[in-house]
Structures are given as structure tokens and as C-alpha cells.
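[1] Just to be clear, the model below is a prediction. Sequence and coordinates:
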Amino acid sequence: MTAHAPITAASGCSEPVVQRQRGQHAVFCGLTGIIWMHRKIQDAFFLVVGSRTCAHLIQSAAGVMIFAEPRFATAIIEERDLAGLADAHEELDRVVDQLLSRRPDIRLLFLVGSCPSEVIKLDLCRAAQRLDKRFNPDCRVLSYSGSGIETTFTQGEDAALAAMVPSLPAKAADSPASLLVVGALADVVEDQFRRIFTDLGIGDVAFFPPRRSTDLPAIGPGTRMLLAQPFLAETARLLEGRGATRLSAPFPLGVEGTSAWLDAAAAAFGIGQAAFDAATAAPRERAARAMERYRPQLAGKSIFFFPDSQLEAPLARFLANEAGMRIVEVGMPYLHRQHMAPDMGLLPAGTLITEGADVDQQLDRCRAARPDLVVCGLGLANPLEAEGLNTKWSIELVFTPIQGYEQAGDLAELFVRPFNRKQRLSVQLPAKAATHQAAAPTGGA
Ligand code: SF4
């Protein structure tokens, strides 16, 4: 365990204070992204090339979806494969053959790299190219790495989308402007945004990833892209390389974030204030009313974020500005300064942001601060709960639809829940203790 002194890059007192840290961290690997992406791209299949540990991770984490037709599996690299790469390639071809003959409905197959495939230097990119030649056009075969050696859990989505970018068709340079929303959103959220864009008068809108892998949006210099998720650095870079222009905006969490996010699109498409107000007034009003219900339960309470999902800064902005919470620290796995600038600019002055992780130092600061609520990964939640701290699992915020006006209240409610749970427990426990005391004399009689 290293305990590097943090390199401080402090800014003026009106801006957030950013510290960089290096050390041990505790987050899931990029395989975790399969759990929400397999729901989103409905004709895709994710074949993890990994160990039994990898199989166990996605099966147990995705166990809740057991009733759906599974769209992920693990090709286990056995120990014998470590001895010969040729064997591993043959085995992979055999598994893919079997899978695609049994499941002709699969239109996009991702070979997902893992720690073991990386360790034995199995070139999945080459394997995917070879298999793609064989199965295209019935099924495209792409690859990306979800290995814990190089990805945190939300980077899995970035890697998968980045792998898809080269397959996007090109849009003619003189095509009229179109909008591309980038990042997996729940279908219900996507539908709500589409309706608002239509009301705004932006007709040519596509979402990436698409629900069907064959509905790929065309990209070119006319593409204006709005990021819906804050962990898509590589995907955005590749889309910019294809000519797309990124619209700078906070992420669409809460009333403030959603309004500013939509406003960035409206400004890019020359939509005036009156039209913007007409399209957004009703849902904005509904969201503000929903927030009124939860704000009293959150206002004044302190919150500490461990670095995990990369959603931490937009969440902190939402909780500080719309729910009145006090931010102790915002830990983030990495800080993409350009993508994050609009949210950071809206954080309360002097908010401490830590980039990277040194989990021991963070635990020390968290224990010293005794915040009312801690947002962290599953691995830290149980020990912190045992110490009497109230926790919220950050992974839940990635699985749950939280973007947009209609979800603002639900998002606040997710942070109210741990307080309600604690309250219920504290009411139940004394009641139980009283029952025991009352029962004891009877039992002894
Ligand atoms: S990819 Fe690595 S970190 Fe993720 S489950 Fe497999 S072995 Fe574990």
C-alpha cells in the first residue's frame, strides 16, 4: 500500500479544490458494465473471455435478470490455455461457432477481455477481426477490455462504445446539423428526452448506443453531441475524430442539470428562449414539485463520495444545489476536466474534489468527518455501516434511471432511503429489546 502525499492543485477560493491521489482503490472492473449494456443493446451478446472469477462476477451481479434471455456468457480460459496461445484461439473460435449457430438472433457479438486474457496476452482485437470476417454481415464481432487491471466499472461502457465508433456510417460533410445523445440511458428516459427534443423542434436526434445494434447513427461534421454520461472520455474523443462537435453542458441530473443540458442543445440549434420555456416548463415544474417533498429530509445533511462511478461530481452538484446537502468530499476515479467543467463550475465554492484513490487516506478523512451519508462501492459499504456510518451504494446510481426532469424526485429519494432505513432500524431495535426483556422473566419461570 502506498501512501503518497497528495499533489494539490488548488485553485481560487471560488472554485472547487482538486487533489490528486494515487494508491490502493476498491472498485469493480469494467465487466460490470455488461449488466446495464446487455439490456440496452437488445440484439448484442457479451462473451467474456476470462476466468471463473469473471463468470462468477457477472452471473452474481446480473442474477436479477435471470428471467430475461441471457445475453452474456463467459468463455473460461482454463489453466492449460496458459501454456499455449494457439489452444486459446481455437477454443474461442469453437465457443463462438457454437454460440452463433445456436443463437442466430445475435447481431453484435462483443468479445470482452479480462485480467486473465490480458495476462496471457490473448489478442482479442485480432480474434474479433478474424471472426468478424467470417460472420459479417449476419453478425458483427467487436472486442474491448473490461479487465480490472485497466478499467473501473463504468469505463466498461466507454470501452464498448468506443469499439463501436469505427462501425458508424459517415454522414456527408454538407448534411444539416443533427443531435447525437451519447451514453446508455434507460429506454423510458430516452423516450422522455426524445419528446422534449421534438417539442423543441430538434427532429434529427439519435441515441448511442442504439437499442438495436443495426440502427447505427451516421456521424460527420454536422453532428452535435451531448454526453448523457460522464465516463465516456474515449468514445467522445473518437466521435470528435469523426467530425462530431461536443456541446459543453452539465450532466442531466436534477432540474438544474437537465435544464442546462437541454439548453446546450437548444442553443446549438438556434432555438429561442420562448420555445425553450414552452417545451420545458411543464416537466420542470413537475420536477421542482417532486424535489419539494425530499429536500427537507436532505437539507443540511453532510455527504462524502468515495471514487467509484465517475458520476460523483454531477451528483454532488445536484445534492448541494437542489437538495441543500453539505458536500464533505467528492472522490472521483479520474477527472476529465473538459467534460466535467460545467458541473464543477456549479459546485459550491471550495468543494474538495479528490481525483484517483488512496482508499486508506480517504477512509481516514471519512471517519474523521463522520458524514451523515457516504456514497461508496459495495466493498466499503459493509465495514462503514458496521462503524455506524450511513451508506449508499454508488453502483445503484448507475443501474437506476436518474436522468431528466421526471427522475429528479426519484434521484433525491435514492438518497433519502438510507436515512429512512436507519430510522426504521432504530425504531425496531429498541422495540425488539423491550420484547426480549418482557419475555425473559416468563421464559425463566
Ligand atoms: S476481469 Fe479481472 S477484476 Fe474483473 S472479474 Fe475478471 S479477474 Fe476479476
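    On my side now, so go ahead. Residues are numbered from 1 along each chain as shown.
[2] quick one: pLDDT of the residue in the chain that the ligand sits nearest to?
    Across the chain, the shortest distance to the ligand (C-beta to the nearest ligand atom) belongs to G148, at 2.6 Å. C-betas here are computed from N, CA, C, even on glycine. Looking at G148, its pLDDT stands at 88.
[3] I'd like the distance between the closest residue to it other than its chain neighbours and G156.
    In space, and not counting its chain neighbours, G148 is closest to C29: 3.2 Å by C-beta to C-beta, 6 or more residues apart in numbering. C29 sits 7 Å away from G156, going by C-beta to C-beta, to the nearest Å.
[4] Mind listing the shared neighbours of the two?
    G146 (C-beta atoms under 8 Å, 6 or more residues apart in numbering).
[5] between these two, which one's more packed in?
    G156 (27 against 23; other C-beta atoms under 10 Å).
[6] Identify the residues contacting the more buried one.
    G156 is in contact with 29-34, 37, 112, 144, 146, counting by C-beta under 8 Å, 6+ apart.
[7] Which ones among those residues lie within strands?
    112, 144 (DSSP state E).
[8] What distance do you get for Q297 to A249?
    Per C-beta to C-beta, Q297 is found 29 Å from A249.
[9] Give me the more crowded residue out of these two.
    Neighbours per residue (other C-beta under 10 Å) separate Q297 from A249, with A249 holding more: 22 against 14.
[10] residue contacts, that one?
    Contact partners of A249, counting by C-beta under 8 Å, 6+ apart, are 226-227, 260-261, 263-265, 342.
[11] Is it in a helix, a strand, or coil?
    Of the three states, A249 takes coil under DSSP: H, G, I helix; E, B strand; the rest coil.
[12] Phi and psi next, for it.
    A249 adopts backbone torsions of phi -160, psi 160, taken as degrees, to the nearest 10.
[13] Skipping adjacent residues, who's closest to it in space?
    Closest residue in space to A249, ignoring its immediate chain neighbours: A264 at 3.7 Å, by C-beta to C-beta, 6+ apart.
[14] what residues does whichever strand or helix holds that neighbour touch?
    Using DSSP states H and E, A264 sits within helix 254-268. Here helix 254-268 makes contact (C-beta under 8 Å, 6+ apart) with 177, 179, 196-197, 200, 202, 224, 226, 247-252, 275-276, 280, 284, 287-288, 291, 314, 317-318, 321-322, 342-343, 346, 403-405, 408, 411.
[15] Looking at these, which are in strands?
    Reading strands off these with DSSP E, I get 179, 224, 226.
[16] now these in a markdown table, with pLDDT, distance to A381 and neighbour count?
    Formatted as a markdown table, the ones in strands among the contacts of helix 254-268 follow (pLDDT from 0 to 100; distance: C-beta to C-beta, whole Å; neighbours: other C-beta atoms under 10 Å):
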| residue | pLDDT | distance to A381 | neighbour count |
| --- | --- | --- | --- |
| L179 | 98 | 38 | 23 |
| R224 | 98 | 39 | 18 |
| L226 | 98 | 32 | 23 |
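[17] which one among those gets closest to A88?
    Nearest to A88, judged by C-beta to C-beta, of those is L226 at 40.6 Å.
[18] From what I see, the closest one and F193 are in contact.
    No: with contact defined as C-beta atoms under 8 Å, L226 does not reach F193; the gap is 9.2 Å.
[19] Name the residues contacting each of those two.
    Joint contacts of L226 and F193 (C-beta under 8 Å, 6+ apart) are V181.
[20] State the mean pLDDT of the helix or strand where H89 lies.
    Per DSSP H and E: H89 is located in helix 85-102. Computed over helix 85-102, the mean pLDDT rounds to 86.
[21] Quick check: buried residues in it?
    88-89, 91-92, 95-96, 99-100 (16 or more other C-beta atoms under 10 Å).
[22] again with stretch 278-285
    279-280, 283-284.
[23] what's the farthest-apart pair in the residues you listed?
    Farthest pair in the buried residues of stretch 278-285 (C-beta to C-beta) is A279 and R284. Separation: 9.7 Å.
[24] And the next helix or strand past whichever strand or helix holds A278?
    Assigned by DSSP H and E, A278 belongs to helix 273-298. The element immediately downstream of helix 273-298 (helix or strand, assigned by DSSP H and E) is strand 302-305.
[25] tell me what that next one is packed against?
    Judged by 3 or more C-beta pairs under 8 Å, 6 or more residues apart in numbering; DSSP states H and E, strand 302-305 is in contact with helix 312-321, strand 326-332, helix 359-369, strand 373-376.
[26] Generate TSV for these, with distance to V165 and mean neighbour count as supplementary columns.
    As requested, these are exported to TSV (distance: least, C-beta to C-beta, whole Å; neighbours: other C-beta atoms under 10 Å):
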stretch	distance to V165	mean neighbour count
helix 312-321	23	26
strand 326-332	24	24
helix 359-369	33	16
strand 373-376	31	26
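[27] residues near the nearest residue to G183 once chain neighbours are set aside, how many?
    Counting by C-beta to C-beta, 6+ apart, G183 lies nearest to Q229, which is 3.2 Å off, once chain neighbours are set aside. If you count neighbours by other C-beta under 10 Å, Q229 ends up with 24.
[28] Can you give me the distance of Q229 to V48?
    Relative to V48, Q229 is positioned 22 Å away (C-beta to C-beta).
[29] Those residues of the stretch 1-150 of the chain touching the ligand, which are they?
    Within the stretch 1-150 of the chain, the positions adjacent to the ligand are 29, 31, 50-51, 53-54, 57, 114-115, 146-148 by C-beta under 6 Å from any ligand atom.
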